[in-house]
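Asker: sequence below, structure please.
(one chain, ligands or ions: 1)
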Amino acid sequence: MKGANSKVVLALIGAGGRGTQVILSLQQCAKNVEVKYVCDVDSQRGGNAIKELSKRQGYEPARAADMRRIFDDKDVDAVVITTPEHWHALATIWACEAKKDVYVEKNVCLSLEEGRKIVEAAERNKVVVQCGTQNRSADYALSARGYIASGKLGAIVTVKAYCMLPGTREWILKPDSDVPEGLDWNAWLGPAEAVPYNVSRHKAWSDWWAYSGGGAMSGDASHVIDLARLALGDPGLPQAVFCAGGRVIFNDKRDIPDNQTVVFDMGKYPIALESSQYGSYMYKTPQEVRYGEKFPEWRSNATRIEIYGAKGLMFLGRHGGGWQVFGNGGELVEQAAGYFPDDAHHRNFIDCIRSRKTPNASIEQGVLSANMVNLANLSYRSGKKLLRIDAATGDIVGNSEAAKLDKRAYRSGFTL
Ligand SMILES: NC(=O)c1ccc[n+]([C@@H]2O[C@H](COP(=O)([O-])OP(=O)(O)OC[C@H]3O[C@@H](n4cnc5c(N)ncnc54)[C@H](O)[C@@H]3O)[C@@H](O)[C@H]2O)c1
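Answerer: Numbering: from 1, shown residues only. The predicted structure is shown next:
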């Protein structure tokens, strides 16, 4: 255990938009936090983070192109993994083996197998791992959970989770081209299949199963499903999963669908998830609700959760938004406003590096939530077929195609 204000040295791996945001927030959310490295396989990225950190800490973080250089440096306490998703599991395992604490963005894994291996690596090496599912640090999420656990909502009958994001554009696959200056394409691909450089892969990685859990599903549905699980007391894997959907608005050549309707059989109750990208009448939670005392206009809120209990209906918001419970005749029974908790989540990670406590978004829960997304995609990709999960082993049964798809191929040098 370190002292409450002892020095914490961080390194960033993946200096894109989210990585820059997270590292700057981590550095200033607590005293005595420094950033020694900014690592990216693209020398064009990371400039903003380096400039700002240099001003704040009085020395420039070193640039690194290969994350393994950071794992070898004994000064580094923890790494922040904000690469595209196909690198998350491998980078987390390498970091754990090097005894570094880890902040890893969602989705933390792209298969059941990856999930198992990262949990094992974290446990074996006794490192602190915080997942980037920041809703777990929101007071209102915990009070929603407390309200449900108290029995005030009654027995849970059914749950509906939404990630119906506004807007979509037709996707045009660009031709292969030369690798842009400064980018190590082979390292960017890492564990994924070696393919020629293509800007549609590089810049739109979440449209490809090879690099992501898919568009809205990995972007926001992963957060919504994680928050629903938290409020429900963190149930384990579902007993069965079925996913329908397809490309609705533009039937272009994208790997991923733009609409997925998923039913998870959680045993005691079902969770239905709508994940889609169309419909300008839906809105993400506005800023004044995220950081204020207001509540969303629930019907058009793109990322709401509806928890139907025998005694009432709870609306729960992601991105702040709080929760409200309505009873008979639409009567408002109880409510709590919410504050979007990015800062609190980052502070919790630094606190846990020092105290060695389990962080709010533990790797066990991060993997379970990621696997809800992974299982839904496996049902869809195996031809919209039901899959059942063996509660004892966590394995897929009754769908050999899905079980086969879960075994991702890794290139030599990048195996888990
Ligand atoms: N929790 C949240 O609210 C939230 C919000 C946005 C994004 N995210 C997550 O953050 C992650 C990054 O998203 P983004 O939008 O910043 O993506 P991005 O593509 O803009 O940035 C990723 C960066 O990682 C770099 N990279 C790729 N492979 C690397 C490697 N092997 N070593 C070092 N760097 C490597 C890329 O060159 C790029 O600069 C994703 O997993 C995304 O799902 C989370």
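Asker: residue 409: how many residues sit nearby?
Answerer: The local packing of residue 409 (other C-beta atoms under 10 Å) involves 9 other residues. In short, each C-beta sits where N, CA and C put it, glycine included.
Asker: go ahead and flag the most central residue of this structure.
Answerer: Centroid-nearest residue in the chain, with C-alpha atoms, centre = their mean: residue 106, separated by 2.1 Å.
Asker: leaving out the residues flanking it, which one is nearest to the residue of the stretch 151-300 of the chain found nearest the ligand?
Answerer: Nearest to the ligand, among the residues of the stretch 151-300 of the chain, is residue 188, at 4.7 Å (C-beta to the nearest ligand atom). Closest residue to residue 188 apart from its sequence neighbours, by C-beta to C-beta, 6 or more residues apart in numbering: residue 41 at 5.0 Å.
Asker: give me the buried stretch members for the longest helix along the chain, please.
Answerer: For the chain, the helix that runs over the most residues, judged by DSSP state H, is helix 363-381. Of the residues in helix 363-381, those with enough neighbours to count as buried (16 or more other C-beta atoms under 10 Å) are 363-381.
Asker: ok, now stretch 407-416?
Answerer: Across stretch 407-416, burial judged by 16+ other C-beta under 10 Å covers 408, 410, 416.
Asker: in stretch 376-395, which residues are buried?
Answerer: Under the neighbour-count criterion of 16+ other C-beta under 10 Å, stretch 376-395 has 376, 377, 378, 379, 380, 381, 382, 385, 387, 388, 389 buried.
Asker: pick the one among those closest to the ligand.
Answerer: residue 377 (14.7 Å).
Asker: so who does the closest one touch?
Answerer: 209, 213, 214, 217, 243 (C-beta atoms under 8 Å, 6 or more residues apart in numbering).
Asker: residue 11: what secondary structure?
Answerer: Reducing the assignment to helix, strand or coil with DSSP: H, G, I helix; E, B strand; the rest coil, the entry for residue 11 is strand.
Asker: correct me, but residue 367 touches residue 115?
Answerer: Yes: contact criterion C-beta atoms under 8 Å: residue 367 and residue 115 qualify, at 3.8 Å.
Asker: any shared contact partners between these two?
Answerer: Listed contacts common to residue 367 and residue 115 are 108, 109; contacts here mean C-beta under 8 Å, 6+ apart.
Asker: for the closest residue to residue 369 other than its chain neighbours, give me the pLDDT.
Answerer: Leaving aside its chain neighbours, residue 369 sits nearest to residue 226 (3.8 Å; criterion: C-beta to C-beta, 6+ apart). Taken from the predicted model, the pLDDT recorded for residue 226 is 98.
Asker: ok, residue 226 - how many residues close by?
Answerer: Neighbours of residue 226 (other C-beta under 10 Å): 30.
Asker: what sits against it?
Answerer: For residue 226, the contacting residues are 106, 133, 135, 136, 361, 365, 366, 369, by C-beta under 8 Å, 6+ apart.
Asker: give the helix, strand or coil label for it.
Answerer: Assignment for residue 226 (three-state DSSP): helix.
Asker: what's the distance between residue 355 and the ligand?
Answerer: Distance from residue 355 to the ligand, counting by C-beta to the nearest ligand atom, to the nearest Å: 23 Å.
Asker: near the ligand, from the contacts of residue 226?
Answerer: Checked against the ligand using C-beta under 6 Å from any ligand atom, the contacts of residue 226 yield the following neighbours: residue 106.
Asker: now do the SS call for residue 113.
Answerer: The three-state label for residue 113, taken from three-state DSSP, comes out as helix.
Asker: local confidence estimate at residue 279?
Answerer: We note a pLDDT of 85 for residue 279 in this prediction.
Asker: need the contact list for the closest residue to the ligand within the stretch 251-400 of the chain.
Answerer: Closest contact between the stretch 251-400 of the chain and the ligand, by C-beta to the nearest ligand atom, is at residue 342 (7.4 Å). Contacts of residue 342 were listed using C-beta under 8 Å, 6+ apart, and they are 21, 25, 134.
Asker: just checking, next helix/strand downstream of the longest helix of the chain?
Answerer: Counting by DSSP states H and E, the next helix or strand C-terminal to helix 363-381 is strand 387-389.
Asker: and that next one, how far from the chain's centre?
Answerer: Taking the mean of its C-alpha atoms, strand 387-389 sits 23 Å from the chain's own mean (C-alpha atoms, centre = their mean, to the nearest Å).
Asker: what about the residue of the chain found nearest the ligand, how many neighbours?
Answerer: Of all residues in the chain, residue 16 sits closest to the ligand, with a separation of 2.0 Å (C-beta to the nearest ligand atom). By the measure other C-beta under 10 Å, the count of residues near residue 16 is 15.
Asker: residues contacting it?
Answerer: Residues in contact with residue 16, defined by C-beta under 8 Å, 6+ apart, are 40, 45, 82.
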